[in-house]
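**Student:** Provided below are the primary sequence and the corresponding predicted coordinates.
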Amino acid sequence: MALPPRGGGRFNPRFNRQPEPEHRINERIRVPQVRLVGDNVTVGVYSTQEALKIAQEQELDLVEISPTADPPVCKVIDYKKFLYEKKRKEKEMKANSKQSEVKEIRFTPGTDDHDFDFKAKHAEKFLKDGNKVKAYVQFKGRAIMFQDRGQLLLLKFAERLAEAGSLESMPKLEGKRMFAIFTPKTATKKK
C-alpha cells in the first residue's frame with residue numbers, strides 16, 4: 001500500500017519565501033517622495049518614480065539608505081557592489097578588534113626550575129600577543145600547608161615576566177588555589 005505524499009502535496013508559502021533584502025531597492029520603495037543622493041546625481045527631493053527613472057538611466061539601483069528620515073534618503077548605486085563593500089568593511093573591523101583572552105598557567109608548590117622556565121616562556125609569548133595571563137598554584141591535600149611556597153613562586157614568576165607584563169595585584173588565595181593576574185605591558189601603556 002502506497003503512502004500519501006508528506007505534507008499533502010500542497011504548496012506551502014512559508015517555506016518558499018525569498019529572504020527579505022537588507023535595504024529596500026527599486027520597486028520595493030513605496031513612498032511618494034525621496035531625497036536622492038549619489039554620484040552623478042543632483043541632490044534633492046524627487047518623486048519615487050522620477051528617482052527610479054534616474055537610477056535606470058545610469059543602469060544602477062535606487063537603494064533606500066535611511067528609511068526613517070523625512071523624506072527617506074535613497075542613493076543611486078550598484079547594490080551588489082554596495083553590499084560587497086559593506087561586508088568587506090565589517091570583516092575588516094572585526095579583524096582589527098581582536099579580543100584579548102585570559103590564558104591560564106598552572107603550578108604546584110613543588111614545580112621544579114625546568115617546568116618554571118618552560119611555563120614562563122609561554123606566559124611571555126601570551127603577554128606579547130596581547131593576552132592576559134592568570135597564573136595559579138594548585139594546592140592538593142596537605143600541600144595547602146605550603147602557601148608561602150606558592151606565594152614565593154608567583155612572586156618569582158612576576159619578577160620573570162616584568163619585561164613583558166605587569167602584576168595586577170598581589171597573589172590571592174581562593175579555596176585551594178593561589179592566583180595572580182598579569183597584564184601585557186603594551187595594554188597598560190595605551191590606557
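**Tutor:** In hand now; what should we look at?
**Student:** from Val102, how far off is the residue nearest the centre of the chain?
**Tutor:** Geometric centre of the chain, nearest residue: Lys94, 5.2 Å, by Cα atoms, centre = their mean. Lys94 sits at a distance of 20 Å from Val102 (criterion: Cβ to Cβ, to the nearest Å). C-beta: built from backbone N, CA, C; applies to glycine.
**Student:** report the longest helix in the protein, please.
**Tutor:** For the chain, the helix with the greatest residue count under DSSP state H is helix 79-96.
**Student:** who does the next helix or strand after that one pair up with?
**Tutor:** Of the helices and strands lying after helix 79-96 in sequence (DSSP states H and E), the nearest is strand 102-107. Strand pairing for strand 102-107, using DSSP bridges, gives strand 132-138 (parallel).
**Student:** show me what the helix or strand just after the strand it pairs with is packed up against.
**Tutor:** Later in the chain than strand 132-138, the nearest helix or strand by DSSP H and E is helix 147-160. Counting contacts by 3 or more Cβ pairs under 8 Å, 6 or more residues apart in numbering; DSSP states H and E, helix 147-160 packs against strand 102-107, helix 113-128, strand 132-138, strand 177-184.
**Student:** including mean neighbour count and mean pLDDT, could the ones you listed go into CSV?
**Tutor:** Formatted as CSV, these follow (neighbours: other Cβ atoms under 10 Å; pLDDT from 0 to 100):
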stretch, mean neighbour count, mean pLDDT
strand 102-107, 15, 88
helix 113-128, 15, 90
strand 132-138, 21, 90
strand 177-184, 20, 89
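**Student:** redo the ones you listed as CSV? Include distance to Val34.
**Tutor:** Formatted as CSV, the helices and strands packed on helix 147-160 follow (distance: least, Cβ to Cβ, whole Å):
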stretch, distance to Val34
strand 102-107, 50
helix 113-128, 53
strand 132-138, 50
strand 177-184, 50
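**Student:** domain map for the protein?
**Tutor:** Domain assignment for the chain by automatic domain parsing gives 21-95, 102-190.
**Student:** is it true that Phe116 touches Phe157?
**Tutor:** Yes - between Phe116 and Phe157 a contact is recorded at 7.5 Å, counting by Cβ atoms under 8 Å.
**Student:** and the pLDDT for Asp78?
**Tutor:** Here, the pLDDT recorded for Asp78 equals 88.
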